[in-house]
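Engineer: When you get a sec, could you give me coordinates for this:
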Amino acid sequence: MTLIDAARPGILPCQSIEALIAAGAVTSATPFDADQVQPASLDLRLGGHAWRVRASFLPGRRRVAERIADVAMHRLDLTGGAVLEKGCVYIVELQERLKLPPGLIARANPKSSTGRVDVFVRLLTDRGDAFDDVAEGYEGPLYLEVAPQTFSILVRPGTRLNQLRLKAGDPPRLETRSVGVELGEGIVGFRGRRHAGVIDLDRIDGHDPRAYWEPLEARGGELLLDPGEFYILASSDAVEIPVLQAAEMTPIDPSVGEFRVHYAGFFDPGFGTDEAHGAGSRGVLEVRTHDTPFLLEHGQTVARLVYEPLTERPTRLYGEGGSHYQSQGLKLSKHFRAWV
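Structural biologist: Sure, this is the predicted structure:
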């Protein structure tokens, strides 16, 4: 198998990502973790330092390090763990670097667990003119903008906040599906508590969800969203990603309502499928309102799922070997114990 098959545009599966690593197109300051390559994406890891900056930026024609020097307030050593405070913006150099061969581009997105705790992250590259997109032939370091919104977070070198999807050519959009919201009986969602404690992002099942979240019930199939609040909701229909495809959740046109699904998200092949023992899995939605209250109705479209092909079948599927979110319904991030 060649690293790139230009005749087959699509998203690279795990075995192609591993081939790129073996060929030196993706390198790291430390050895790669055994579980770092996902079925159709690569988890990226924080490096040893973060800079608290006074403003977000795009590097444009300059290197990210040069722009950091213009806006940095102070530097944090992450080695022993450091708290990134809500309402602040940080830049962290990632451990991974890229040397993309011709014909390959890349796109980053927050990991599901990152979006579910309302941490806004965006990838930066040297001389990049857009967040999260990596141009063909890019060679250089990767940086992450981190902006906790509702909760302050504790991170360390190696903490994984985002993931990278590599694409050969210009994959076609195979399908776009609407995603509705579930507002039926019982607990239909959670609202983040504004004055909760710090979330340790490397501590799995280690936090009491009641200290961070308020449970919500719908009335008559409706839920009133308050301005500036953060909500975890679930899709009204099951989500299934065929084994030869991958998907990305995108926000709907804001003209449809005064809210948005706050974070885009990657869905790997096998999510929600019988073959990967995940039939019936729902999509979890991270929703934030704009400036006015908005009354959300059961089944109302809140996002779109865009499906694209893989270049070939992945050698492993989402959820094989264990997953926190396969077969999920309404579910908080993996950092919290089960709601009882």
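
Engineer: What distance do you get for the closest residue to L166 other than its chain neighbours to F32?
Structural biologist: Counting by C-beta to C-beta, 6 or more residues apart in numbering, the nearest residue to L166 once its immediate chain neighbours are dropped is L12, at 4.4 Å. All C-beta spots, glycine's among them, are computed from the backbone N, C-alpha and C. Distance of L12 to F32, computed by C-beta to C-beta, to the nearest Å: 16 Å.

Engineer: Between these two, tell me which one has more neighbours.
Structural biologist: L12 (27 against 17; other C-beta atoms under 10 Å).

Engineer: For the residue nearest to L166, give me its contacts.
Structural biologist: Going by C-beta atoms under 8 Å, 6 or more residues apart in numbering, L12 touches L20, A40, L104, R165, L166, K167, A168, L310, T311.

Engineer: so which of these is the most crowded?
Structural biologist: For the contacts of L12, neighbours tallied by other C-beta under 10 Å; top is A40, 30 neighbours.

Engineer: quick one, phi psi at it?
Structural biologist: With angles defined as degrees, to the nearest 10, A40 sits at phi -150, psi 30.

Engineer: A246 is in contact with that one, correct?
Structural biologist: Yes. A40 is within contact range of A246, at 4.5 Å (criterion: C-beta atoms under 8 Å).

Engineer: Output the longest strand belonging to this protein.
Structural biologist: Longest strand in the chain, counting residues (DSSP state E): strand 41-53.

Engineer: mind listing what's buried in that one?
Structural biologist: For strand 41-53, a neighbour-count test (16 or more other C-beta atoms under 10 Å) marks S41, L42, D43, L44, R45, L46, G47, G48, A50, W51, R52, V53 as buried.

Engineer: So what's the model's average confidence on it?
Structural biologist: Averaged over strand 41-53, pLDDT sits at 98.

Engineer: And stretch 13-26, by the same measure?
Structural biologist: Stretch 13-26 carries an average pLDDT of 97.

Engineer: At which residues are the helices of the stretch 51-200 of the chain located?
Structural biologist: Applying DSSP state H, counting those that start in this stretch to the stretch 51-200 of the chain gives helices spanning 64-71, 112-115.

Engineer: Let me see the ranges of the strands in the stretch 51-200 of the chain.
Structural biologist: 72-77, 82-84, 89-99, 104-110, 119-125, 133-134, 139-148, 153-155, 160-168, 175-180, 187-192, 199-200 (DSSP state E, counting those that start in this stretch).

Engineer: The first one pairs with which strands?
Structural biologist: Strand 72-77 has its sheet partners listed here by DSSP bridges as strand 41-53 (antiparallel).

Engineer: Just the angle for the strand it pairs with relative to strand 119-125, thanks.
Structural biologist: 100 degrees (axes from the mean of the first three to the mean of the last three C-alpha atoms, to 10 degrees).

Engineer: As a markdown table, the strands of the stretch 51-200 of the chain with distance to T273 and mean pLDDT would be great.
Structural biologist: Formatted as a markdown table, these follow (distance: least, C-beta to C-beta, whole Å; pLDDT from 0 to 100):
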| stretch | distance to T273 | mean pLDDT |
| --- | --- | --- |
| strand 72-77 | 41 | 97 |
| strand 82-84 | 36 | 98 |
| strand 89-99 | 29 | 98 |
| strand 104-110 | 21 | 96 |
| strand 119-125 | 28 | 96 |
| strand 133-134 | 29 | 97 |
| strand 139-148 | 31 | 98 |
| strand 153-155 | 32 | 98 |
| strand 160-168 | 19 | 97 |
| strand 175-180 | 15 | 94 |
| strand 187-192 | 25 | 97 |
| strand 199-200 | 31 | 98 |
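
Engineer: Out of these, which is closest to E297?
Structural biologist: Smallest distance to E297 across the strands of the stretch 51-200 of the chain (C-beta to C-beta): 9.2 Å, for strand 175-180.

Engineer: and the closest one, which residues are buried?
Structural biologist: Buried residues in strand 175-180 (16+ other C-beta under 10 Å): V179, G180.

Engineer: now that strand, how far from the centre of its chain.
Structural biologist: 18 Å (C-alpha atoms, centre = their mean, to the nearest Å).
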